[in-house]
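Q: Have a look; sequence and predicted model below, questions after that.
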Amino acid sequence: MTDAEFARRRGEIDRALERLRTAAREHRAAIEELLRLGHIRSRGVVGELGERIAAEYYGVDLAPASTPGYDLVTRDGRQIQVKTLRVTPENLRSSIAPMSGTYHRMLAIRLNEDYTPREAIEVPREVVEEYYGQGRLSWTKTLASDDRVRAISAEELLAGFNG
């Protein structure tokens with residue numbers, strides 16, 4: 001590589017790194033704004049957005065922060081544990097953290113890379129336990145196609161969501 005080629009490449013790398021640093025600052029500022037506005041309660045943006053979408057979907061308020069075992073209670077009294085995954089074109093995430101607590105159903109939500117809802121499944125506790133016991137849960141085709149599991153489209157999730 002010539003000195004000129006090296007200098008050109010180094011300039012391209014420096015510009016790309018500056019764009020990355022700018023994006024990181026903007027990301028942090030957006031999180032701070034969402035916190036200030038009360039739209040999220042912590043810096044765990046993916047989980048917080050999933051819980052907010054779930055509360056709007058069910059038409060209820062979230063349980064107090066750090067309530068053990070569930071994130072919200074539906075109008076008919078079911079305790080819902082919300083699990084949220086953010087996917088990228090390269091990684092359609094499927095692994096869900098271990099489940100515990102007093103929940104009746106799990107609502108697993110997949111968000112696209114830009115934080116928009118992609119899809120969700122609502123899974124009764126007994127199905128979670130049947131498939132996976134107390135270990136890690138995976139959002140597999142087998143689980144999603146189980147007759148006891150309800151698939152929910154992005155459009156359904158957003159029907160009552162105001163952002």
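A: That came in fine, so what should we check first?
Q: Kindly report the domain assignment for the protein.
A: If you go by automatic domain parsing, the domain ranges for the chain are 1-38, 44-158.
Q: Could you give the average pLDDT over the longest one?
A: Meaning domain 44-158. The average pLDDT within domain 44-158 is 91.
Q: hang on, the earlier thing: most tightly packed of the domains of the chain?
A: Comparing the domains of the chain by mean neighbour count (mean count of other Cβ atoms under 10 Å), domain 44-158 ranks first with a mean of 16. The way it works is simple: take the backbone N, C-alpha and C, and place the C-beta from them, glycine included.
Q: Run through the residues that contact Val46.
A: Thr84, Leu85, Arg86, Leu111, Tyr115 (Cβ atoms under 8 Å, 6 or more residues apart in numbering).
Q: which of the residues you listed sit farthest apart?
A: Taking Cβ to Cβ, the two most distant members of the contacts of Val46 are Leu85 and Tyr115; they sit 11.7 Å apart.
Q: ends of stretch 125-143, how far apart?
A: End-to-end distance for stretch 125-143: 13 Å, by Cα to Cα, to the nearest Å.
Q: Thanks again, I'm all set now.
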